[in-house]
Each structure stands twice: as structure tokens, then as C-alpha cells.
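Student: Dropping a prediction and its sequence here:
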Amino acid sequence: MAGQYSHKHFFRQVPQNQLASYFAAKGIDLGVDFTELNRKQVDSLFVAFTGLPEEKQTAVEAEFQDIHAMACAGGIAALIDEAYFYKDDTFVERVSEFEGFHAKVMWAFLEKHTYWLGATMFLHADNVSSSYWKRRNDLPHVPPNVDESAIKDLANTISAFFHKNEGRGRNCQVEVYRRHNKEYFFAYPEDFGLSAVEWESDTLKSRARHPAFEIIFVYCESEGALDIYAPKNTKAVPELQKIFASTILNLETLNNGKINKLVYDLDPLSDAEFTFKIEPESGIEQIIVTQLRLTLKHGSKRRISLEADTKNNPQAIYDLLKELNPPAYFVTQTRVKVIFEPTVGRRAKTRTFNITYPNSCALGHDGDD
């Protein structure tokens, strides 16, 4: 994601003509001649902007921070994915005409605003730490029901669950976006009331409010997989899986009501002859195991972690495993290095990530991941 936001940095990154278009669209006259503005000298623009009435400045600041947050490779990828949904075949060519992430994103904000909300949500989901996602991949391959009535039913059932069990969630709204072969459901139940200290003009006041907390469901019909992001609500995940299955997949039960937590069987990775199945169209050239964590079968909480330099020997971890000859064990964690096929004029990319038993994988949902 983009770094820390500041007004001057933002003004230096966005082309002057785009800034002029933005303020003109908002009906804001800063009294600044953008044609004479030097991108490296933005003091006059900064002074004019910070001199705006408080309400106008606050509204513009919020949008500028959203644009700044999207100004990264992941933000562009999310916008491209949303353009794909709208069957916009010209988007990639048009956005590539602009140099720099801020220019690309500001153009999309001004000219393709229909894509904005979905893309920002995709980027948010992509940046969620892998440890927060809880997955099950044993669902039947049935299409999700995304009719308005089903979405409302999902929202109402989530609301009823949290209100009955925790006294919050009186209201809930669910928004749905499709991204290639996955369906994203963003749920926003009402949280407990909070009292926050805020500035209102030049007066500091305490204001009570009811914020929303967030739950994200990512469903893939072809994989029969459901990922749930429910920070600070992990105990509710089994019930949220059932709620999703009943309202969106029209399933009465899930494995007789039992949640199967096993996703990754890592024991095959202890075999030096094990090979990963690589689809030809994946763009992956090679996959190498660089670390193994062994949990001994006998005795409690005894582990052995193996790490080897695989730069010149992809089988180094297995040579080490054979040399040590440890007692009976389970493989409970591995680190995998994926090498992508090189493209013309560019070096091969790599991606290294951990997989941990039973169901943790440090990968996102799109792109190279």
C-alpha cells in the first residue's frame, strides 16, 4: 500500500491538470493557477487548500486519503479487476497511459468512478493479514444466490445472531461484489455504542456513536471454498459458515453441523519425491520447500524446525532431513518458495510464504497469490 499521507506529498504526486479537474468538479475555487504550478513547489496550493472552510476541507481530505491509499500496484490491480467485471476492455490501455500510481488512480477516480467502491473493498480484503482468514474447502460446488432477497436474509441472520448472543448487531448491511471466479460479501453489523472525542469547529466534544464492525465472506464455487474474515470474532466463525451456507448456498446442514477444520495435509511434504502439481497456465516455473517444522508424535509440544539454503540445491531441506533422521513426526508448518516464469525484459519473480496446519496460509486471494 501507499505510505503515510500528507497534503504536500499528495499534491506533488498528482498531475496539476488532474488536481484542477478534481477541484473544478467539486465547485471549489482555490484561486490557484494550476497551469503555472510547479509540482515540486506546492506551497501556494497547500496554503489555499488549508484555508478552505472546515467542512469542505474535511470532505476533500477524506477523498484524497482514499485516492492515496489506492495509489499502489494492488490498487491498480483491484481497479482492473472491477473494470473486468464491467467488461471494460479499454481500461488497461487507458490507465497505462498515465505515469505514476497517483496519476493512474486519480484518473480512475475522476473518469471511472463506478469502479471505485468495489476496487477499494478488494484492496482492503487483499491487505488483510492471512492469519485473520478462516477457510473451509469442503463445500458442495453450488452457485451462490446473490438475489436481493438472499442478501437481505444474510444480513438479517447475521444481525439476529450477534444481537441474541452478544447484544449488538441490531442492524446489518451486506454488499456483494464479484471478482473473477469469486464472490465477495462485505457485511457491516452494528457494534456496541462508543463515546469518541472529536473536534467540532474549534470546540472539543464527546460524541456517542454506533460504529459498524466488519465481516468478509469470500466464496469460490469452483473450489467449494469459503474464506471468512472476522477479526475478534473467531469463535463465531463456525456459526457464520452455517449462516452463509443456509442463506446464500441454500444448504440445510454442513457435515451434520460439524465444522471440518482440516484444510492442509502437510505430511506428504516430508517425502523428497513429492512434486507439486503446476498448471501450465499459472506462469509458475518451480516450487521449492525451504523450511519444515516437525512436531514429534511422542511427547508433548516438542518441535524441530529445519531450514536450508536452497539457492544451489532445491533439495537441500531433504538432504538435511535425511542427515538428522528425526524420530516419528507430523509436518505442521512449511515455507514454500514459488518461482514464476520470467517475462521479456524482466527477471523472474518469486513469492515465499508459510502454510501452517491445520488451515493457515499466508496468501491473499488474487494476482500472483
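Tutor: Nice, thanks for sending it over.
Student: all contacts plus neighbour counts: C-alpha atoms, from now on.
Tutor: Fine.
Student: Rounded mean pLDDT for the host helix or strand of Lys322, please.
Tutor: Using DSSP states H and E, Lys322 falls within helix 316-324. Confidence over helix 316-324 (mean pLDDT, whole number) is 95.
Student: now for it, which elements pack on it?
Tutor: Using 3 or more Cα pairs under 8 Å, 6 or more residues apart in numbering; DSSP states H and E as the contact test, the elements touching helix 316-324 are strand 284-296, strand 303-307.
Student: got the angle for that helix vs strand 303-307?
Tutor: 130 degrees (axes from the mean of the first three to the mean of the last three Cα atoms, to 10 degrees).
Student: picking up where we left off before, what's the most buried one of the helices and strands packed on helix 316-324?
Tutor: Of all the helices and strands packed on helix 316-324, strand 284-296 has the most neighbours on average by mean count of other Cα atoms under 10 Å, namely a mean of 20.
Student: So which residues make contact with it?
Tutor: With contact meaning Cα atoms under 8 Å, 6 or more residues apart in numbering, strand 284-296 is reached by 276, 278, 301-310, 314-317, 327-341.
Student: ok, now stretch 299-314?
Tutor: 288-296, 316-317, 320-321.
Student: And these, which two are furthest apart?
Tutor: Ile288 and Leu296 (23.3 Å; Cα to Cα).
Student: Mind listing the strands the helix or strand that comes right after the helix holding Lys322 pairs with, and their directions?
Tutor: Sequence order places strand 329-340 as the next helix or strand after helix 316-324, per DSSP H and E. The strands that strand 329-340 pairs with in its sheet are strand 284-296 (antiparallel), strand 350-356 (antiparallel) (by DSSP bridges).
Student: Please identify the buried residues of the shortest one?
Tutor: For strand 350-356, the neighbour count (16 or more other Cα atoms under 10 Å) marks Thr350, Thr352, Asn354, Ile355, Thr356 as buried.
Student: re the thing from before, in TSV: the helices and strands packed on helix 316-324, plus mean pLDDT and distance to Asp126.
Tutor: Listed next are the helices and strands packed on helix 316-324 as TSV, based on pLDDT from 0 to 100; distance: least, Cα to Cα, whole Å:
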stretch	mean pLDDT	distance to Asp126
strand 284-296	94	21
strand 303-307	94	28
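Student: Nearest to Pro238, out of those?
Tutor: Nearest of these to Pro238, taken as Cα to Cα: strand 284-296 at 26.6 Å.
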